[in-house]
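Enquirer: what shape does this take:
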Amino acid sequence: MPMKMPAAFSPKMPLLLFFVLTFVIAWGFWLLPLLATRGAMQLSSGEQTACLIAGSYAPFIAVLISLYRDGGWPTVCDFAHRCLRFRIGPDYVIAALLLVPLLGLAAAWIYARMGGPPLALAVSVGQIPLLFLLMLFMGGAVNEEFGWAYAIDRLQRGRRLLSATILLGVIWACWHLPLFFIAGVTQSFLPFWAFVIFAVALRLLYVWGYESNGKSLLVPLAFHTTTNLTLNLFVLVDRSAQRNERGFIVFALLAMIVAGMVALTARRYRSTIALPAEASGKT
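Expert: Numbers count the residues shown, from 1 in each chain. Below you'll find the model as predicted:
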């Protein structure tokens, strides 16, 4: 049975302020490599990487600040304990670990038929376990998902879960915007419109797993990790001067088709019941 936020829960931190913190912290760090790649300042490649990783932890930092303001360390600990519950359905574990890689495999096959590189793994099988751990702790999963869980808990107050999830997907996509202007970063090779589609599709899958397992964050963490892992397993992003975008576009569209099916069939998304709005109104 999915858990609901306690009726007595009355957050003191405005949700808008959480988003402002998340954007300001991330964009502040990402501004440095952006300026460096434009020749406006000097940063080594290691320093640029450090700034990119530090910025990716903005949602994690913002949620700690928000939870502490909401109720101090007990609220922080309660949130962490609930998010890391291990009682999750095995079918969701399988979906989180295999669904996106299979979509990536299908996209890579279609891309190859469209004139892209031959279908093959871009890394050796022996590298996959280490790459998985890197994607989990530094590639965006742990960095972001605690913050986005806090956001979806708050956004669905006064909204249907489906509309709240789509809204969060758009916000999440826009949060990445500076990365599209930093030379060499994955996003700089992607069309933003396709990335928005991809982000909304992924968020629909992540929230589906989160809400269907008592708000345990383990499913979204696995989903996010395997998503970034998939972008390293297959050549779906053309980093050459030709910038062939078809591979990623196919990947994004396949993800949206599957996410759309989930949104239409999952009981959590079909519900028209919205949680009561927060006392301060929708944020």
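Enquirer: what about the helix or strand harbouring Arg154, distance to the chain center?
Expert: Of the helices and strands defined by DSSP states H and E, Arg154 is found in helix 141-155. Centre-to-centre, helix 141-155 and its host chain are 9 Å apart (CA atoms, centre = their mean, to the nearest Å).
Enquirer: elements contacting it?
Expert: Other helices and strands packing on helix 141-155, by 3 or more CB pairs under 8 Å, 6 or more residues apart in numbering; DSSP states H and E, are helix 15-37, helix 45-56, helix 58-83, helix 128-137, helix 161-175, helix 192-211, helix 218-233. (C-beta placed from N, C-alpha, C; glycine too.)
Enquirer: what bridges to Arg157?
Expert: Using DSSP bridges, the beta-bridge partners of Arg157 come out as Leu275.
Enquirer: lowest average confidence, helix or strand, in the protein?
Expert: Taking all helices and strands of the chain together, the one with the lowest average confidence (mean pLDDT, DSSP states H and E) is helix 267-270, at a mean of 88.
Enquirer: related to what we said a few turns ago, adding mean pLDDT, write the helices and strands packed on helix 141-155 out as a markdown table.
Expert: Below are these laid out as a markdown table (pLDDT from 0 to 100):
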| stretch | mean pLDDT |
| --- | --- |
| helix 15-37 | 97 |
| helix 45-56 | 96 |
| helix 58-83 | 93 |
| helix 128-137 | 95 |
| helix 161-175 | 97 |
| helix 192-211 | 97 |
| helix 218-233 | 97 |
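Enquirer: tell me which of these sits nearest to Phe251.
Expert: If you check each of the helices and strands packed on helix 141-155 against Phe251 by CB to CB, helix 192-211 wins as the nearest, at 7.1 Å.
Enquirer: just the CA trace of that closest one, in CSV.
Expert: Extracted in CSV, the C-alpha atoms of helix 192-211 (Å, rounded to 0.1, in the frame of the first residue of the first chain):
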residue,chain,number,x,y,z
PHE,A,192,16.8,20.4,-26.0
TRP,A,193,13.3,19.5,-27.2
ALA,A,194,14.2,15.8,-27.3
PHE,A,195,15.8,16.1,-23.9
VAL,A,196,12.6,17.5,-22.5
ILE,A,197,10.6,14.6,-23.9
PHE,A,198,13.2,12.2,-22.5
ALA,A,199,13.1,13.9,-19.0
VAL,A,200,9.3,13.8,-18.8
ALA,A,201,9.3,10.1,-19.9
LEU,A,202,11.9,9.2,-17.3
ARG,A,203,10.2,11.1,-14.5
LEU,A,204,7.0,9.2,-15.3
LEU,A,205,8.8,5.9,-14.9
TYR,A,206,10.7,7.0,-11.8
VAL,A,207,7.6,8.3,-9.9
TRP,A,208,5.6,5.3,-10.9
GLY,A,209,8.2,3.1,-9.2
TYR,A,210,8.5,5.5,-6.2
GLU,A,211,4.8,5.8,-5.5
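Enquirer: alright, that wraps it up for me.
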